[in-house]
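this one's sequence-less:
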């Protein structure tokens, strides 16, 4: 009896010679066809002063903040965690106390938010932001 040899199955191979060309063509296609959307800008309506009221200095605690984040209250340098205790003491001495902010334009929002949170804890809710008058 004659033996029948099985034919060898053809091996499935993917040609990799032009694989880098295909990858670069896909990359170029996606770069060209992608639409870049500009980020939406949130417009913030800042409050404007309608009138200028003078605050009597006897009922004011002036809080200075420079662009480096250094904080002083009535010429005494303090740190953010100390604001609550200082303002509680000042409110005990004068119940009608108004906290007046004099800050640099470049002060970070995080520092101001931390200061406002400390004032809220101390129940010093009367706050004034001082500004220079435009000439």
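Perfect, thanks for sending it. This one's a predicted model, so the numbers in the text were calculated from it and none came from an experiment. Numbering: from 1, shown residues only.

show me where this structure has helices.
Secondary structure of the chain (DSSP state H): helices located at 19-33, 83-93, 109-121.

burial count for residue 69?
16 (other Cβ atoms under 10 Å). (Glycine included, C-beta is placed from N, CA and C.)

quick one: the nearest residue to it once chain neighbours are set aside and residue 103, what's the gap?
Distance criterion Cβ to Cβ, 6 or more residues apart in numbering; nearest residue to residue 69, sequence neighbours excluded, is residue 111 at 5.0 Å. According to Cβ to Cβ, to the nearest Å, residue 111 and residue 103 sit 9 Å apart.

Between those two, which contacts overlap?
Listed as contacting both residue 111 and residue 103 by Cβ atoms under 8 Å, 6 or more residues apart in numbering are residue 65.

low pLDDT regions in this protein?
In the predicted model of the chain, residues 1-2, 49, 51-52, 131-135 satisfy pLDDT under 70.

again, 80 this time
Within the chain, the ranges that satisfy pLDDT under 80 run 1-17, 36-39, 44, 46-58, 105, 130-135.

re earlier: run a quick neighbour tally on the residue nearest to residue 69.
So residue 111, with other Cβ under 10 Å, has 17 neighbours.

List the residues that contact it.
Contacts of residue 111 by Cβ under 8 Å, 6+ apart are 65, 69, 80.

so of the residues you listed, which ones are in strands?
residue 65 (DSSP state E).

from the contacts of residue 111, which single one is nearest residue 9?
residue 69 (74.1 Å; Cβ to Cβ).

Correct me if wrong: the closest one contacts residue 110.
No: counting by Cβ atoms under 8 Å, residue 69 stays clear of residue 110, with 9.0 Å between them.

what sits against residue 18?
Going by Cβ under 8 Å, 6+ apart, the list of residues near residue 18 is empty.

what does residue 46 give?
Contacts of residue 46 by Cβ under 8 Å, 6+ apart: none found.
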